[in-house]
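> Starting from these lines, generate the structure:
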Amino acid sequence: MPVAIFTILAYNALAVLLLATVGKSALYILRIKILLPFKRTFFEFLSGMLVLVFCTALYHTTGKTVMLFLLLPIGAMWYHYKEANKAQKLKIDSFSSQIKPYSIVFLVSIIWAYITFFLLHTGNGNINTPHDDYVFNAKNAVYLATFGIENTTLEQYYNQNIGIVPYHYFELWLNVFFFQIFQIPSLLSLIFIVFPIGITCIMMGFCALAEHFKLLNSKIIFFSFLFLFFTGVYLPFYNNIFLLNTSNVFVRNSINYPKLFSIYLFLQAFALLFFAKRYYIAYNLLLIIPVLFISTVIGVLVGMCSYFILYFILDKKNKAIYMHSFILYVIFAFFVFVFYFIFRDKTNIALSKASELPTINIAYFRTVFNVFVGVSIQYFVLYFPVLFLFLWATVGKRDVFWKSNFKSVLLKYRYIIIFLLIYFSTLASWALLHSVPDSVQLFSNITIPLISISVFLFVLHCVAHRVINQVGLFSVLGVILCFNIYTTQKEVLYNYPIYSTKYEQAIQDNIANKQPLGAFLLDKKEYNSVFAFNTDFRVLGQYLSILGSQYHIISLSVFEMPDLPIAEAYKQKSTFYKFVESQKKANNFVSIPQSQIDFVKKYKIDYLIISPKVTLAEHWKPLIDKEIIDQKSGEHFIFLKR
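Numbers count the residues shown, from 1 in each chain. Prediction:
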């Protein structure tokens with residue numbers, strides 16, 4: 001499908017300028033002063049994102065949004081900032097000091113947008129459709145903008161009783177703002193504007209950390225760029241080793257899994273404040289992450305509350321900080337729980353499964369044990385090169401890394417304790433809730449960014465204290481990052497050219513004057529996973545999202561799903577199932593084939609997409625107006641008669 005790439009790049013630059021302006025204005029209004037230019041630029045963009053997300057969500061939901069809970073940590077942060085700076089008069093450097101970081105943001109963001117285009121392009125300005133996850137998030141943003149309900153369903157016709165569902169809405173609301181203001185398809189806004197800017201800001205966060213430790217130079221800026229690719233090392237032969245053959249699910253970084261960029265950014269902001277000894281503000285800021293990305297809630301709340309209790313006992317000088325922070329976290333957790341309980345969507349499958357008490361037996365505890373031990377082994381193997389560097393740095397350097405007293409070690413290396421507590425609390429949550437669909441995200445979504453940032457801090461520590469030969473350090477890291485770049489570029493955006501350009505062009509030429517609502521059919525053998533059961537996620541015709549945000553395609557084959565509890569739950573959420581049920585209640589139901597025809601006629605569906613594994617039933621043939629067949633995939637795109 002065609003993309004006007006230079007227009008998109010211009011929108012990307014305008015978005016960067018807009019975020020910088022909004023962020024700078026927000027910090028000015030709140031009278032927040034930051035001396036270091038890269039650090040100031042990083043917090044300006046972070047503030048700009050927060051302001052746009054909060055205002056966009058508030059406007060579209062008329063106030064019924066979880067983003068309201070941003071006010072609690074932000075209000076506490078601002079209060080503690082004002083209290084800490086009453087006696088200080090900080091003088092900001094001139095605007096010229098920020099020209100370099102601003103230039104880097106503009107340049108790198110546009111580069112990432114173009115790299116995305118390069119990886120997806122098929123020639124003549126056309127691009128392939130990215131992975132279904134990107135398309136789903138883009139469609140979800142359209143749903144948020146249209147209906148103003150924070151829900152992961154794309155239901156348009158039977159949404160009278162739809163409630164609010166926990167999810168990661170930060171990048172979605174940001175996408176809503178940009179695709180509406182620039183009037184471009186939601187998918188293009190997401191992959192060419194939101195994600196490139198988010199990735200670029202992660203790089204700026206790394207630069208700001210290096211600047212804080214007075215280590216920033218041109219080499220470190222370039223290293224910060226390369227570190228965007230950092231993740232565990234997954235070697236090809238791991239595919240043939242039991243236990244390791246599933247560990248590739250953790251080989252994620254900010255490039256091939258950009259939806260985590262908000263977690264990266266706020267963990268970086270936390271580290272900047274923590275190492276600046278702004279502990280109150282740092283702990284308050286960390287509360288923003290569960291608002292933006294609900295899968296992090298257990299790791300942040302349980303991990304940090306454990307930390308507060310531990311250091312309330314150990315650190316007698318700062319008891320008030322730990323006590324007040326603990327109280328704030330408890331209040332926050334209570335009100336977020338009440339919010340989701342009141343406005344909850346009772347049909348949400350993940351929540352329903354989470355609320356069910358698991359059967360406590362030997363098999364359950366065996367699975368919990370397997371998760372703990374298995375994942376620990378996987379992480380050990382994936383990050384062994386980094387552990388090697390750590391051992392290299394610490395052996396014989398006891399005076400740098402450790403003190404003789406165990407308590408003093410705990411007090412000095414509090415960041416490491418925070419890392420461990422969050423890691424084990426998220427691992428425990430996944431182990432205990434392993435029966436919940438996709439519960440691995442409770443663990444991976446925060447540990448992947450946390451490990452990346454922690455390793456970067458470790459490298460800065462090694463450089464600052466010269467505990468490792470610089471050539472050896474960056475040689476090992478260079479090998480790791482080169483391997484990461486090689487493996488990442490192979491799967492970034494999951495660029496699989498499924499359809500021929502000729503097929504997509506034929507569809508584009510014929511669909512312009514048709515209704516945006518369509519339908520699709522899958523074979524029963526294609527319903528072979530949880531993702532396939534989700535009729536909002538596994539959808540034919542995803543390429544239409546490149547043409548515009550208005551296209552919505554509904555499954556008419558949900559009754560082909562297998563007889564499984566999880567499949568039944570997804571089936572009952574689907575539009576066509578609800579349509580059939582409404583026919584049964586009205587005594588109008590005849591058969592599934594007839595209901596398919598009735599559905600097409602009622603909602604004036606103009607096109608039907610057929611999987612190559614489906615043999616078209618006879619009742620469809622009288623409705624065919626024009627049929628386009630893709631010689632590459634075997635898919636059929638059928639335009640229907642009115």
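> alpha carbons only for contacts and neighbour counts from here, please
Fine.
> how close does residue 305 sit to residue 442?
For residue 305, the distance to residue 442 (CA to CA, to the nearest Å) stands at 17 Å.
> Compare the two and say which is more crowded by neighbours.
Taking other CA atoms under 10 Å, residue 305 and residue 442 do not tie; residue 442 has more neighbours (24 against 21).
> number of nearby residues for residue 622?
Using other CA under 10 Å, residue 622 has 9 neighbouring residues.
> Residue 216 too?
By the criterion of other CA under 10 Å, residue 216 has 18 neighbours.
> tell me which element the spatially closest residue to it that is not a sequence neighbour falls in.
Nearest non-adjacent residue to residue 216, counting by CA to CA, 6 or more residues apart in numbering: residue 210, 5.1 Å away. Residue 210 is part of helix 195-212, with elements assigned from DSSP states H and E.
> CA-only coordinates of that helix in PDB, if you can.
Taking C-alpha atoms only, helix 195-212 is exported to PDB below (Å, rounded to 0.1, in the frame of the first residue of the first chain):
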ATOM      1  CA  PHE A 195       7.300   5.000  18.000                       C
ATOM      2  CA  PRO A 196      10.300   6.800  16.300                       C
ATOM      3  CA  ILE A 197       9.900   9.700  18.700                       C
ATOM      4  CA  GLY A 198       9.600   7.400  21.700                       C
ATOM      5  CA  ILE A 199      12.700   5.400  20.600                       C
ATOM      6  CA  THR A 200      14.600   8.700  20.100                       C
ATOM      7  CA  CYS A 201      13.700   9.900  23.600                       C
ATOM      8  CA  ILE A 202      15.000   6.600  25.100                       C
ATOM      9  CA  MET A 203      18.400   7.500  23.400                       C
ATOM     10  CA  MET A 204      18.100  11.000  25.000                       C
ATOM     11  CA  GLY A 205      17.500   9.300  28.300                       C
ATOM     12  CA  PHE A 206      20.700   7.300  28.000                       C
ATOM     13  CA  CYS A 207      22.600  10.500  27.100                       C
ATOM     14  CA  ALA A 208      21.100  12.300  30.100                       C
ATOM     15  CA  LEU A 209      22.300   9.600  32.400                       C
ATOM     16  CA  ALA A 210      25.800   9.800  31.000                       C
ATOM     17  CA  GLU A 211      25.600  13.600  31.300                       C
ATOM     18  CA  HIS A 212      24.600  13.300  34.900                       C
END
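> For that helix, name the packing helices and strands.
Applying 3 or more CA pairs under 8 Å, 6 or more residues apart in numbering; DSSP states H and E, we find helix 195-212 packed against helix 37-61, helix 99-120, helix 218-226, helix 261-275, helix 441-465.
> wait, which of the ones you listed is closest to residue 632?
Closest of those to residue 632 is helix 99-120, at 17.3 Å (criterion: CA to CA).
> For the closest one, enumerate the helices and strands it packs against.
Helix 99-120 packs on helix 5-29, helix 37-61, helix 195-212, going by 3+ CA pairs under 8 Å, 6+ apart.
> Take those and lay them out in CSV including mean neighbour count.
Putting the helices and strands packed on helix 99-120 into CSV (neighbours: other CA atoms under 10 Å) gives the following:
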stretch, mean neighbour count
helix 5-29, 17
helix 37-61, 22
helix 195-212, 25
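> need these in a markdown table with distance to residue 73 and mean pLDDT, can you?
Conversion of those to a markdown table gives the following (distance: least, CA to CA, whole Å; pLDDT from 0 to 100):
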| stretch | distance to residue 73 | mean pLDDT |
| --- | --- | --- |
| helix 5-29 | 16 | 92 |
| helix 37-61 | 12 | 95 |
| helix 195-212 | 20 | 94 |
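> Nearest approach to residue 552 belongs to which of these?
Among those, helix 37-61 comes nearest to residue 552, with 20.3 Å by CA to CA.
> which other residues reach the closest one?
Under the criterion CA atoms under 8 Å, 6 or more residues apart in numbering, residues 19-24, 26-27, 34, 63-65, 67-68, 70, 93, 97-98, 101-102, 144-145, 147-149, 170, 173-174, 176-177, 201, 204-205, 207-209, 211-212, 265, 269 lie in contact with helix 37-61.
> What segments of the stretch 501-642 of the chain are strands?
Under the criterion DSSP state E, counting those that start in this stretch, the stretch 501-642 of the chain contains strands at 517-521, 552-555, 607-610, 624-629, 636-640.
> Each with direction, which strands does the last one pair with?
The partner list of strand 636-640 in its sheet, established with DSSP bridges, is strand 607-610 (antiparallel), strand 624-629 (antiparallel).
> Any idea which of these gets closest to residue 501?
strand 624-629 (12.1 Å).
> Buried ones in the closest one, by neighbour count?
residue 628 (16 or more other CA atoms under 10 Å).
> Then stretch 134-147?
In stretch 134-147, the ones that count as buried by 16+ other CA under 10 Å are 134-145.
> among those residues, which are in helices?
Counted as lying in helices by DSSP state H, out of the buried residues of stretch 134-147, are 134-145.
> out of those residues, who's nearest residue 606?
For these, the closest approach to residue 606 (CA to CA) belongs to residue 139, at 19.9 Å.
> How much space separates the closest one from residue 132?
For residue 139, the distance to residue 132 - CA to CA - is 10 Å.
> Out of the helices and strands in this protein, which is least certain?
helix 398-401 (a mean of 50; mean pLDDT, DSSP states H and E).
> how many other residues sit next to the residue nearest to residue 252 when sequence neighbours are not counted?
Distance criterion CA to CA, 6+ apart; nearest residue to residue 252, sequence neighbours excluded, is residue 231 at 5.9 Å. By other CA under 10 Å, the residues close to residue 231 number 25.
> what secondary structure does residue 231 sit in?
On the three-state scheme (DSSP: H, G, I helix; E, B strand; the rest coil), residue 231 is labelled coil.
> My read is that it contacts residue 255, right?
No: using CA atoms under 8 Å as the test, residue 231 is too far from residue 255 to be in contact (10.2 Å).
> follow-up on the earlier one: how about JSON lines for the helices and strands packed on helix 99-120, with distance to residue 454 added?
Formatted as JSON lines, the helices and strands packed on helix 99-120 follow (distance: least, CA to CA, whole Å):
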{"stretch": "helix 5-29", "distance to residue 454": "26"}
{"stretch": "helix 37-61", "distance to residue 454": "18"}
{"stretch": "helix 195-212", "distance to residue 454": "11"}
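> Spit out the contact partners of residue 537.
Residues in contact with residue 537 (CA under 8 Å, 6+ apart) are 132-133, 136, 531.
> May I see the ChimeraX selection of the buried members of those residues?
The following ChimeraX line selects those of these that are buried, judged by 16+ other CA under 10 Å:
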select :132,136,531
